[in-house]
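Colleague: Could you work out the structure for the sequence below:
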Amino acid sequence: MSLCSQAILASDLDGTLIPLDGNPEQQQDLQILGQSLKENRIPLIFVTGRHLQSVENAQHKFRLPEPDWVICDVGSTICRRNPAGKLEPLHEYAKHQYEIVKDCPRTDILQHASKISGLREQEAFKQGPYKISFYADQHQLHEIEQKLLELLEDQQIPWSLICSVDPFNGDGLVDLLPQDISKAYALKWWAEFAGYEDSQIVFAGDSGNDYAAFISGFRAILVNNTNPKIVDQVAQEHQKLGFTDRMYHAKSSATSGVLEGCRAFQLFD
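Modeller: Next up, the predicted model:
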């Protein structure tokens, strides 16, 4: 039995909770959403690839509702708000990741990665205890990804790889995380830690890196700017898994779609 009886909203940020291009309707809906969450005492958790400093900057810049928890660094960090109101990393989750990679620490990974040309370490503030991040030319990204995957497999290294392209500047992004760690994994781990059942969590997202969370058993809001192929894949997977009424494809984009989805799942009126 769940320790919690209420629902919780877990949302991606870019393309989802954050209004697109300063859209005035979405900015207005963001304030309505924040007020509705507050009035109905629905906890909010950000689930994002951003690092914590970037999350806090975005919260201030876009006037986002204050989250109770933050999953950031592509799922390698979980932060909770302490009594003083400051977000701090959750020790239990860090310990969990330590157990995964204790036989192959980040110093070993950096040594292995140095043998692959085209990788450039990202700035120190974008790194984490369990997140090793590099830049790469997007045109070399596929080749670098294949080399890293071969290395991880050949050496039986307990780290996994996530590659993407920065939508803002086109940089290739390469993240190494403890094996199986992702935004979806972190949210599942957090749900168990906090005493929530999957069906109580409403997850909102918009892109391919939200796919695993969309099909993890949570109620899923796919905002209208989600790629139609992803929408179809999620619908098919829900059908295979026997999930009913756990997917909502919003008619509105980004912030407005999140508000629409919350109403559709009856989190509030």
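Colleague: Rounded mean pLDDT for the helix or strand harbouring Ala58, please.
Modeller: Assigned by DSSP states H and E, Ala58 belongs to helix 52-62. When pLDDT is averaged along helix 52-62, the result is 96.
Colleague: and after it, which helix or strand comes next?
Modeller: Moving toward the C-terminus from helix 52-62, the next helix or strand (DSSP H and E) is strand 69-72.
Colleague: ok, now which ones touch Pro89?
Modeller: Applying Cβ atoms under 8 Å, 6 or more residues apart in numbering to Pro89 gives the contacts Thr77, Ile78, Cys79. C-beta coordinates here come from the backbone N, C-alpha and C atoms, glycine included.
Colleague: Pull out the buried members of those.
Modeller: Neighbour counting with 16 or more other Cβ atoms under 10 Å marks Thr77, Ile78, Cys79 as buried within the contacts of Pro89.
Colleague: so which strand or helix has the second one?
Modeller: This means Ile78. In the assignment (DSSP H and E), Ile78 maps to strand 77-81.
Colleague: Check which residues of stretch 104-111 are buried.
Modeller: Cys104, Arg106, Ile109.
Colleague: and Ala136, what pLDDT?
Modeller: In this prediction, Ala136 carries a pLDDT score of 95.
Colleague: and it, how many residues sit next to it?
Modeller: 23 (other Cβ atoms under 10 Å).
Colleague: hey, where'd the strands end up in the stretch 51-200 of the chain?
Modeller: Using DSSP state E, counting those that start in this stretch, the strands of the stretch 51-200 of the chain run over 69-72, 77-81, 87-89, 120-121, 132-136, 159-165, 172-178.
Colleague: So what angle separates the directions of the second one and helix 52-62?
Modeller: So the one you mean is strand 77-81. 50 degrees (axes from the mean of the first three to the mean of the last three Cα atoms, to 10 degrees).
Colleague: Please apply the same query to the last one.
Modeller: Here strand 172-178 runs at 120 degrees with respect to helix 52-62, directions being taken by the same axes, to 10 degrees.
Colleague: pLDDT averaged over strand 172-178, what's the number?
Modeller: 94.
Colleague: these two touch, right, Lys147 and Ala113?
Modeller: No: applying Cβ atoms under 8 Å, one finds Lys147 not in contact with Ala113, separated by 9.7 Å.
Colleague: who touches the closest residue to Trp69 other than its chain neighbours in this structure?
Modeller: Computed as Cβ to Cβ, 6 or more residues apart in numbering, the closest residue to Trp69 that is not its neighbour in sequence is Ile45, at 4.2 Å. By Cβ under 8 Å, 6+ apart, Ile45 lies in contact with Ile8, Leu9, Ala10, Ser11, Pro67, Asp68, Trp69, Val70, Ile71, Leu187, Trp190.
Colleague: go with 7 Å
Modeller: Ile8, Ala10, Pro67, Asp68, Trp69, Val70, Ile71 (Cβ atoms under 7 Å, 6 or more residues apart in numbering).
Colleague: Check those residues and tell me the two furthest apart.
Modeller: Ile8 and Val70 (13.2 Å; Cβ to Cβ).
Colleague: if you count what's nearby, which of those two comes out ahead?
Modeller: Set Ile8 next to Val70 and count neighbours by other Cβ under 10 Å: Val70 wins out with 25 against 22.
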